[in-house]
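1. got a sequence here, can you build the structure:
(chains A and B)
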2 protein chains.
Amino acid sequence: MFRTHTCGELRLQNAGTEVTLAGWVQTVRKFGSITFVDLRDRYGITQAVFDEELNAELDAQPLGREFVLQVKGKVIERSNKNPQLPTGEIEIAVSAFSILNKSAVPPFTIQDDTDGGDDLRMRYRYLDLRRGAVKRNLELRYAVNRATREYLHQQGFMDIETPFLIKSTPEGARDFVVPSRMNAGEFYALPQSPQTFKQLLMVSGYDRYYQIVKCFRDEDLRADRQPEFTQIDCEMAFVEQEDILNMFEGLIKYIFKQVKGIDYLEKVERMTWEDAMWHYGIDKPDIRFGMKVANLKVAPTVFLDKQFLLSSSPLATQSGFGVFDNAETVVAIAVPGAAEYTRKQLDELTDWVKRPQIGMQGLMNIKFNADGSLKSSVDKFFNEEQLKAFAAYVDAKPGDLILILAGAEERTRKAISELRLYLGERLGLRKKDEFKLLWVLDFPLFEYDEEGNRWVARHHPFTSPKPSQIEEMINNNPVIEAAAEYLKHPYANIKANAYDMVLNGNEIGGGSIRIYQRELQEKMFAALGMSKEEAQHKFGFLLGAFEYGAPPHGGIAFGFDRLCSILGGSESIRDFIAFPKNNSGRDVMLDAPSSVDNKQLEELNIKLDLK
Amino acid sequence: MFRTHTCGELRLQNAGTEVTLAGWVQTVRKFGSITFVDLRDRYGITQAVFDEELNAELDAQPLGREFVLQVKGKVIERSNKNPQLPTGEIEIAVSAFSILNKSAVPPFTIQDDTDGGDDLRMRYRYLDLRRGAVKRNLELRYAVNRATREYLHQQGFMDIETPFLIKSTPEGARDFVVPSRMNAGEFYALPQSPQTFKQLLMVSGYDRYYQIVKCFRDEDLRADRQPEFTQIDCEMAFVEQEDILNMFEGLIKYIFKQVKGIDYLEKVERMTWEDAMWHYGIDKPDIRFGMKVANLKVAPTVFLDKQFLLSSSPLATQSGFGVFDNAETVVAIAVPGAAEYTRKQLDELTDWVKRPQIGMQGLMNIKFNADGSLKSSVDKFFNEEQLKAFAAYVDAKPGDLILILAGAEERTRKAISELRLYLGERLGLRKKDEFKLLWVLDFPLFEYDEEGNRWVARHHPFTSPKPSQIEEMINNNPVIEAAAEYLKHPYANIKANAYDMVLNGNEIGGGSIRIYQRELQEKMFAALGMSKEEAQHKFGFLLGAFEYGAPPHGGIAFGFDRLCSILGGSESIRDFIAFPKNNSGRDVMLDAPSSVDNKQLEELNIKLDLK
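-> All right, here's what the predicted structure looks like:
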């Protein structure tokens, strides 16, 4: 037997027991003729003491960091207790030891605060995984996994595995494909999600399905994207949107409770997509803090239902200030208590919005001083009265700094949203230990793909329009006649029965009520520019299934990696994946992908075609 | 709200309640002006009654099988109770209904005993999944999944996800590969198992790992193989073989208890690989019944440790019967109570062993009649005294039929094993509701691949030799000099620290204690004919990991699909997979694999190379 106890298990009440421990050498400290070894395993650290006699043996076969060591001995009370360690009241008086395996000197130190760079740690991921910080992340991930399964089981969901070798139906992201040896010239695809399978399971009557499942997307990787990622994938039949919202805010609250010990008692807030864009400039607002966007001016083609709100804007009539007059959109935020910002600080903010990834021309400000006076970078164009009107419209308080951006609708809105988050962060308003959930509802069903000059499904082509708009959609001509005018097109105003769950400004999940009538599904494919033949070729099985009694259904999928990283207080999902890939999609530890031999390719009926 | 209750929920105590149910129309029966509808969902069937008034509405929009129907009404006590149904004491007096979706006439009937053939049911798998028989299989699968996770969690195991896009290191079975767009000319492979990752996790200190995980093998598919299959994959550190055997017989017993309600109290039997081959002719014996193989004659190059047992065989000295004298191997079984078999029955058995898949030349028999007399098909060559010696050696009782096969060692041993199973089945000795576990231990470390004229790892190249044989292996020259003499080669006698778990004659799991020393692992790769460069290219990461304090470790993997099918009493794993593929690896419902367009291939830097 290699051990009788783990290195995290022994306490004072075990004193006097003969034990055997095994683990890794964390530290070796020699004091005269006595050696202290901190022995580490998954469960903790226990101190082992080697007396004079054993020290002679130790001299013959010296211990190094990360050696695998087995010690036998008696548990004794420590004279010099360590209150930091759960085992800190005892130590093992070693009577015999055995080196189970040696270790070369690790390329970085195995401790929370390591000296290893990213690349080195990725290459030696098996050593990085030994660090307490990474271990705690994987433990948290397992806890979220467990809580998810518990809750969904209690709610009558069944885990049903769906296939990984499926059919390539590229829509949006690229598929990874897998050449088939047995079916020459043909390819499987790896699933981007089990979407159609879970819908088929609803047609089959498994009315509460879930899976924690790997999905694959061959996209150019941004900093925090992985080509393979994990989803909590769920679907329910005989439900309306309200049922799904309740069920899955229940799930997240359960996870909060089980994993973080947080009682999230209040009802999760809800906001329409339009309100989110209007008030926060983004469809996944961080509502831990205010600093809402004030819309001073907005292009007349967007936010059709909110245009009337602009009548009270100080810019409702001509301003005479060219930057505002020529801009499609002018938006502002009031930064609490920042009226005192220096010229240098303001310049820094201006530089920040001028960076290419934000792309604004400039940043205007109005200081609403504590004494009530107003001072602005656009004094030339606006008198005090007008500035007051600005301050009132932006809902600024004395002491606030009003920041104003002007430009094209999409870019400007995105910029004000980023600026808000940046300042929220700077002002400490985005507290790590505060968790704030939000449902964003009523997303547009379609969005316009400028590049492809066509309408695409914003969520996916299986999403149902709002019930009240189904008729409208079925009856409207799906051919887009004036693409340039797309924002005015009726499709732009069709909203989906779709919902996202947002946590602290991150989309952690999204889903929709699905189409379950063949006729509507065919209309949807047609609206996306798919011919009948193409629709039949790609999704014939689903259209077929809808002919045999498909029930009303809907679902949701949560990004499991992201959810874990937020709960763990980290920006990076990589820290929560045991063996992640780098930004080029490489596993640098394995050195994968790699070349394969010609014989293998020949069997697969393919050859390389390098440019 | 679509429903207040499910179709399996209502009982007599609900009588008087107003309810809403939704489900599928199982049957419609009309009696005069009253219509009875059996409404079905995942949870059961409830009878709904439509009175005269509603019948007029029903006439206007008639219901068909598999229509999706919502009914509102009052729960009432049935006059004509159905004790077969949990809901059989009540029915719903329908006050309003709504057809949620229509259904075309299904291509086969949705009931346990369907009229649909295999192909049709695969094509319309979403309808096949509605059948109670298939649903119970998936429910059983989920129950096994749950029990597995519960037990392993209680035992301190952590579910850690390993990657799917890995490196191609073909050993044995072919890898499925995935061309990388971002790394032109390179390929990922899909894992045949997470073997090396779970070993790395042991190196990382996660001493109890598990996963229920998809694995992939691009093999020519036999009847009951799937290109993607699911494994319960486990690994432990600081363990010896004994620890693993105890831990995982605990798992299977827990599953028996939770899923089947069976208390499997006895210790699981253990048998060496050599004993299994000797006594049953196979490495996965069904020990629910006896009928052990008697070894009358065996080639002198095999079973070196058992040769001495042959000295008491009636064939220990020359028999004078050419068939026996010229055969490498002569084996027999005593079939209980079959001495009365007719000529016709014996001829049938002879034909059975002569079929190509068994491939024997003939079948000899000795009838040990109830009166003690003996009568044989080889009377010419053996007198009564000699036949008695046969009967004694085979341990036959009066009334038994002794069947004897002679021929080449491998084929003959396989044949007697198959004949034993065939007769066990015929005699009703393989009872569906009896579950008998067995550990088979001490497998050979290597086996000879006649086709490739080389030694291959029987389990995989990471399996440790028996501790007592490690030195022998390290010191032996790995180059095979006389391949034809392979059975005499020292490697043939090196046994592995490997174990299989066998349930009713099926291998449900297998594993081993692993190599954890770089030196031994290198020796192993060399023994398998891998050059240092090749070993470094394929498994450099693992060899590297072994340099940084790899602990002793071992593990096991269970075939999840197979385990479920045996627990469900079925021969076919397909019945326990939601969306299985056919024998050509096709998903006939999706019509996958399929061709992909040239643009997609171009992006992947490959092109077709069809013969």
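
2. can you pull out the strands in the stretch 451-600 of chain A?
-> Secondary structure of the stretch 451-600 of chain A, counting by DSSP state E, counting those that start in this stretch: strands at A:454-457, A:498-503, A:506-513, A:553-559.

3. list the pairing partners of the last one within its sheet, with orientation.
-> Based on DSSP bridges, the strands next to strand A:553-559 in the sheet, each with its direction, are strand A:228-237 (antiparallel), strand A:506-513 (antiparallel).

4. how far does the longest one sit from the chain's center?
-> Computed by C-alpha atoms, centre = their mean, to the nearest Å, the chain-centroid distance of strand A:228-237 equals 14 Å.

5. so how far is A:L140 from the residue of the stretch 251-400 of chain A found nearest chain B?
-> Going by C-beta to the nearest C-beta, chain B is nearest to A:Q258 of the stretch 251-400 of chain A, at 13.1 Å. Where you see a C-beta, it was placed from the backbone N, CA and C, and this is true even at glycine. Distance from A:Q258 to A:L140, counting by C-beta to C-beta, to the nearest Å: 11 Å.

6. more crowded one of these two?
-> When A:Q258 and A:L140 are compared for neighbours, A:L140 comes out ahead with 19 against 16, by other C-beta atoms under 10 Å in any protein chain shown.

7. the helix or strand containing the more buried one packs against which elements?
-> When secondary structure is defined by DSSP states H and E, A:L140 falls within helix A:132-154. Using 3 or more C-beta pairs under 8 Å, 6 or more residues apart in numbering or on different chains; DSSP states H and E as the contact criterion, the elements in contact with helix A:132-154 are strand A:208-216, helix A:241-255, helix A:560-567, helix B:132-154, strand B:158-159.

8. which of these sits closest to B:F308?
-> Of all the helices and strands packed on helix A:132-154, helix B:132-154 sits nearest to B:F308, with 43.1 Å by C-beta to C-beta.

9. off-centre distance for the closest one?
-> For helix B:132-154, the distance to the chain centre is 16 Å (C-alpha atoms, centre = their mean).

10. list of residues touching it?
-> The contact list for helix B:132-154, computed with C-beta atoms under 8 Å, 6 or more residues apart in numbering or on different chains, reads A:146, A:149, A:153, A:158-160, A:205-206, B:42, B:111-112, B:128-129, B:159, B:208, B:210, B:212, B:232, B:234, B:250-251, B:254-255, B:257-259, B:560, B:563-564, B:567-568, B:570, B:575-576, B:578.

11. could you redo the last one with a cut-off of 6 Å?
-> Contacts made with helix B:132-154 from outside it, assessed by C-beta atoms under 6 Å, 6 or more residues apart in numbering or on different chains, are listed as A:158-159, B:112, B:128, B:210, B:232, B:251, B:254-255, B:258-259, B:564, B:568, B:575-576.

12. chain B contacts on the stretch 501-611 of chain A?
-> If contact is defined as C-beta under 6 Å from any C-beta of the partner chain, the residues of the stretch 501-611 of chain A in contact with chain B are A:541, A:545, A:547-551, A:578-579, A:584-585, A:589-590, A:592-596, A:605-610.

13. re earlier: can you say which of the strands paired with strand A:553-559 is packed in most?
-> Most buried of the strands paired with strand A:553-559 by mean neighbour count (mean count of other C-beta atoms under 10 Å in any protein chain shown) is strand A:228-237; its value is a mean of 25.

14. quick one: contacts of that one?
-> By C-beta under 6 Å, 6+ apart, strand A:228-237 touches A:148, A:194, A:198, A:202, A:207-216, A:551, A:553, A:555-558, A:560-561, B:164-165.

15. need phi/psi at A:L427.
-> When quoted as degrees, to the nearest 10, the phi and psi of A:L427 stand at phi -90, psi 0.

16. per-domain residue ranges of chain A.
-> A:12-101, A:132-160+A:192-265+A:558-603, A:289-430, A:444-495+A:517-550 (automatic domain parsing).

17. want to throw those into a markdown table with distance to B:H459 and mean pLDDT?
-> Shown next, in a markdown table, are the domains of chain A (distance: least, C-beta to C-beta, whole Å; pLDDT from 0 to 100):
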| stretch | distance to B:H459 | mean pLDDT |
| --- | --- | --- |
| domain A:12-101 | 22 | 95 |
| domain A:132-160+A:192-265+A:558-603 | 22 | 95 |
| domain A:289-430 | 52 | 93 |
| domain A:444-495+A:517-550 | 39 | 79 |
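
18. which one of these lies nearest to B:D395?
-> Taking C-beta to C-beta as the criterion, domain A:12-101 is the member of these that comes nearest to B:D395, at 46.3 Å.

19. A:L85: how many residues sit nearby?
-> Other residues near A:L85 come to 16 when the count uses other C-beta under 10 Å.

20. now the buried members of the residues of the stretch 501-611 of chain A next to chain B.
-> Buried by 16 or more other C-beta atoms under 10 Å in any protein chain shown: A:541, A:545, A:547-551, A:578-579, A:585, A:589-590, A:592-594, A:596, A:605-606, A:608, out of these.

21. which ones among the residues you listed map onto helices?
-> Secondary structure defined by DSSP state H assigns A:541, A:545 of those to helices.

22. and the longest strand along chain A with strand B:228-237, angle?
-> Ranked by residue count and defined by DSSP state E, the top strand of chain A is strand A:18-31. Regarding strand A:18-31 and strand B:228-237, their directions subtend 70 degrees when assessed with axes from the mean of the first three to the mean of the last three C-alpha atoms, to 10 degrees.

23. what is strand A:18-31 packed up against?
-> Applying 3 or more C-beta pairs under 6 Å, 6 or more residues apart in numbering or on different chains; DSSP states H and E, one finds that strand A:18-31 contacts strand A:34-41, strand A:68-77.

24. in the shortest one, which residues are buried?
-> Residues of strand A:34-41 classed as buried: A:35, A:37-41 (neighbour count, 16+ other C-beta under 10 Å).

25. equivalent analysis for the last one, please.
-> Using 16+ other C-beta under 10 Å as the test for burial, strand A:68-77 gives A:68-76.

26. what's it in contact with?
-> Applying C-beta under 6 Å, 6+ apart, the contact partners of strand A:68-77 are A:10, A:14-15, A:17-22, A:25, A:48, A:90, A:92-98, A:100-101, B:549, B:551.

27. follow-up on the earlier one: got the strands paired with strand A:553-559 as JSON lines, with distance to A:E274 columns?
-> JSON lines is the format used below for these (distance: least, C-beta to C-beta, whole Å):
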{"stretch": "strand A:228-237", "distance to A:E274": "26"}
{"stretch": "strand A:506-513", "distance to A:E274": "17"}
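
28. among those, which comes closest to A:P465?
-> In terms of C-beta to C-beta, the element of the strands paired with strand A:553-559 nearest to A:P465 is strand A:506-513, at 9.4 Å.

29. if I take the closest one and helix A:241-255, what angle do their directions form?
-> Compare the direction of strand A:506-513 with that of helix A:241-255 by the same axes, to 10 degrees and you get 150 degrees.

30. give me the contact list for stretch A:582-599.
-> Applying C-beta under 6 Å, 6+ apart, the set of residues contacting stretch A:582-599 from outside is A:122-123, A:125, A:221, A:227, A:581, B:166-168, B:177, B:180, B:182-183, B:186-188, B:541.

31. how long is that stretch from one end to the other?
-> From its first residue to its last, stretch A:582-599 covers 29 Å (C-alpha to C-alpha, to the nearest Å).

32. how distant is that stretch from the center of its chain?
-> Distance, centroid of stretch A:582-599 to centroid of chain: 25 Å (C-alpha atoms, centre = their mean).

33. same check, this time on stretch A:70-84
-> How far stretch A:70-84 lies from its chain's middle: 43 Å, per C-alpha atoms, centre = their mean.
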